[in-house]
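K.L.:
pasting the sequence and the predicted coordinates here, then a few questions.
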Amino acid sequence: MPILNCKFSPALVGLALGALALLPASAQAERIFVSNEKDNTISVIDGASLEVVETISVGRRPRSMAFSSDGSELFVAVGDDEAIDMIDLETLQVVRSQASGDDPEVIRVDPNRPYIYVSNEDDNIVSVLDYERRTLVTEIPVGVEPEGLGISPDGRWLVSTTETSNMAHIIDTETMEAVHHRLVGARPRHAEFTHDGREAWVSAEIAGTVSILDMEETFDVKHTIRFDVPGVPRETVQAVGVVLTSDGRYAFVALGPSNRVAVVDQQTYEVLDYILVGQRVWHLALNGDESRLYTTNGVSGDVTMIEVDSLRAVKSIPVGRFPWGVIVEP
């Protein structure tokens with residue numbers, strides 16, 4: 001039997017390089033971080049290969065994540081350790097940890113100051129931490145079981161959702177006080193601002209709705225979006241994570257055990273489509289150029305990558321047990 005010459009021809013090398021070049025630049029460079037609630041790990045997915053390339057050990061029950069303002073660290077809320085673990089993005093190691101309050105779940109970073117806002121589910125407060133000085137700045141009382149947090153693009157307003165109170169609390173970050181309180185759907189989970197800061201979208205898990213808050217004048221609910229997935233039991237349609245494209249075109253809403261992501265027109269609030277993904281879709285993240293949407297699917301233990309242009313799920317990526325949060329490196 002002849003021995004094959006395994007050298008690659010220039011033509012084959014050129015084809016391979018050409019295929020790589022067809023990938024968006026952001027996809028070639030991006031890293032996607034996924035918190036695995038049951039494994040106490042963060043999976044790192046390479047945007048080019050769409051495979052897990054690193055696994056980072058963190059504290060117990062990691063959930064929400066956020067990047068530091070300078071992009072050098074990844075902050076992770078580790079609920080059972082009542083702390084925020086801080087990962088160096090060069091070494092992918094936890095380099096420090098900061099006490100947060102009782103059962104931290106969701107975190108957001110102030111765009112103007114080195115502050116982390118933390119929803120402490122068992123304390124009924126939002127903690128404000130200075131991550132440079134490693135100190136507690138203040139604690140803001142809100143309703144019962146705070147969960148979601150959303151911060152306006154200019155950093156002026158923070159929306160805190162409380163699951164048992166069924167409310168959205170609007171916090172003035174200048175005074176660090178909750179100044180408006182609005183009833184929304186049952187068990188509100190997530191808050192997300194539009195990129196112009198004029199609206200905050202608040203999902204409600206049990207109600208299966210998204211409430212749109214007017215953040216310019218009244219701070220009232222101006223519209224409520226309801227979801228009805230054909231052929232799917234109504235009780236499984238549970239609205240959780242929300243992301244909004246920066247061009248004002250689409251909103252994507254994770255619908256929990258229905259295993260669907262809703263596609264909504266940001267301007268008309270019309271539900272345009274439902275995309276089938278993995279089991280119990282929980283949170284979502286867009287990549288840098290917004291060409292891709294990543295979803296965490298808790299029960300199936302994977303991440304779905306959706307092409308935004310085609311609104312099509314194209315790949316499932318296995319990660320750890322019960323993936324909760326997902327975030328894409330800027």
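P.N.:
Yep, it's here.
K.L.:
which residues in the chain form helices?
P.N.:
With DSSP state H applied, the chain shows helices at 10-22, 25-29, listed in chain order.
K.L.:
can you pull the pLDDT of residue 121?
P.N.:
The score at residue 121 is 86. That number is its pLDDT.
K.L.:
make that residue 101, sorry
P.N.:
Residue 101 is given a pLDDT of 88.
K.L.:
got the contact list for the closest residue to it other than its chain neighbours?
P.N.:
Of all residues not flanking residue 101 in the chain, residue 120 sits nearest, at 3.5 Å (Cβ to Cβ, 6 or more residues apart in numbering). In this view, the C-beta of every residue, glycine as well, is placed from N, C-alpha and C. Contact analysis of residue 120 by Cβ atoms under 8 Å, 6 or more residues apart in numbering lists 100, 101, 102, 103, 104, 105, 126, 127, 146.
K.L.:
lowest mean pLDDT across the helices of the chain, which one is that?
P.N.:
helix 10-22 (a mean of 43).
K.L.:
where in the chain is pLDDT low?
P.N.:
For the chain, residues meeting the criterion pLDDT under 70 lie at 1-28.
K.L.:
what do you get if the cut-off is 90, keeping everything else the same?
P.N.:
1-29, 101, 121-123, 330 (pLDDT under 90).
K.L.:
sorry, back to before: hmm, which of the contacts of residue 120 are the buried ones?
P.N.:
With neighbours counted by 16 or more other Cβ atoms under 10 Å, those contain buried members at 100, 101, 103, 104, 105, 126, 127, 146.
K.L.:
the last one reaches residue 159, doesn't it?
P.N.:
To tie it back to what came earlier, the one meant is residue 146. No. The criterion here is Cβ atoms under 8 Å, and residue 146 misses it with residue 159 at 10.8 Å.
K.L.:
residue 211 is in contact with residue 226, isn't it?
P.N.:
No. Using Cβ under 8 Å, residue 211 is not in contact with residue 226, being 10.5 Å away.
K.L.:
the two: who's more crowded?
P.N.:
Each of residue 211 and residue 226 has its neighbours counted (other Cβ atoms under 10 Å); residue 211 has more, 25 against 12.
K.L.:
is the more buried one bridged to anything, and to what?
P.N.:
Residue 211 has these beta-bridge partners by DSSP bridges: residue 202, residue 224.
K.L.:
quick one: contacts for it?
P.N.:
Going by Cβ under 8 Å, 6+ apart, the list of residues near residue 211 reads 168, 182, 184, 185, 188, 201, 202, 204, 221, 223, 224.
K.L.:
tell me which two in the residues you listed are the farthest apart.
P.N.:
Pairwise distances across those (Cβ to Cβ) peak at 15.3 Å, for the pair 188 and 223.
K.L.:
quick one, which of these two is more surrounded?
P.N.:
residue 188 (34 against 13).
K.L.:
distance of the closest residue to that one other than its chain neighbours from residue 295?
P.N.:
Ranked by Cβ to Cβ, 6+ apart and with sequence neighbours excluded, the top spatial neighbour of residue 188 is residue 161, at 3.7 Å. Distance, residue 161 to residue 295, using Cβ to Cβ, to the nearest Å: 20 Å.
K.L.:
and residue 149, by the same measure?
P.N.:
20 Å.
K.L.:
hang on, the earlier thing: doesn't residue 200 make contact with the residue nearest to residue 188?
P.N.:
No. Contact criterion Cβ under 8 Å: residue 161 and residue 200 do not qualify, at 9.8 Å.
K.L.:
which one of the two is surrounded by more residues?
P.N.:
Shown here are residue 161 and residue 200; by other Cβ under 10 Å, residue 161 has more neighbours (31 against 27).
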